[in-house]
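**Q** everything below, folded, please.
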Amino acid sequence: MIRIVFGAVSTRPVTLSAAAAIEAVEGIAVLAVGLYVGVEAIVGSPDDLISAIVLALMAVAAGAGIVAVGRGLWQVKRWGRAPALLTQIFAVIAAISMIQSGRQTVGVVLIVIALAAAASLLSPPSTRAIDEGEAEEDED
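**A** As a prediction, this is how the structure comes out:
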């Protein structure tokens, strides 16, 4: 009974916990930006209201999805690995754009965070835990 309740916690290495936490925080940030854009679209005066609302909805949906991926990693689910890596690739792309547009500090910090998440996710302890977690699910 204890293994059923606490199984994922006891088998999740620190590296996978770090990757899951970073992924979740990134998702919360994207969600917050989406909500901010949505509020500004409604109370402000955007040039194109429909585009602003659609952008806000897309950001909210993406943020919620990224948070769900972080939760999947926290629960040691194999399906979370690929979307988490895609999140980090997109974060690096956004960071490069920021650096090119004169926001070097934010861009460099975002690159460091993305590389830390990717390295944590691809580290041997994380890979082993995800592979073992998948094997345990197959047995159930």
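
**Q** let me see the contact set for the residue lying closest to Ser97 once chain neighbours are set aside.
**A** Nearest residue to Ser97, sequence neighbours excluded (CB to CB, 6 or more residues apart in numbering): Gly107, at 7.7 Å. Placement of C-beta: from N, CA and C, glycine included. Neighbouring residues of Gly107 by CB atoms under 8 Å, 6 or more residues apart in numbering: 95-99.

**Q** now tabulate these in a markdown table and tack on distance to Arg12, pLDDT and secondary structure.
**A** What follows is the contacts of Gly107, written out as a markdown table (distance: CB to CB, whole Å; pLDDT from 0 to 100; DSSP: H, G, I helix; E, B strand; the rest coil):
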| residue | distance to Arg12 | pLDDT | secondary structure |
| --- | --- | --- | --- |
| Ala95 | 28 | 96 | helix |
| Ile96 | 32 | 97 | helix |
| Ser97 | 33 | 96 | helix |
| Met98 | 32 | 95 | helix |
| Ile99 | 34 | 96 | helix |
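
**Q** which of these count as buried?
**A** Buried by 16 or more other CB atoms under 10 Å: 95, 98-99, out of the contacts of Gly107.

**Q** and which of those residues is nearest to Leu115?
**A** Ala95 (9.8 Å; CB to CB).

**Q** do you know how far the closest one is from Gly70?
**A** 19 Å (CB to CB, to the nearest Å).

**Q** and for Ala18?
**A** 11 Å.

**Q** give me the more crowded residue out of those two.
**A** Gly70 (25 against 18; other CB atoms under 10 Å).

**Q** OK, contacts around that one?
**A** Counted by CB under 8 Å, 6+ apart, Gly70 has contacts 20-27, 80, 84.

**Q** which of the helices or strands spans it?
**A** For Gly70, the element it lies in under DSSP states H and E is helix 49-74.

**Q** let me see the ranges of the helices in the protein.
**A** 2-11, 14-43, 49-74, 81-100, 104-122, 124-139 (DSSP state H).

**Q** mean pLDDT lowest where, among those?
**A** With a mean of 49, helix 2-11 has the lowest mean pLDDT of the helices of the chain.
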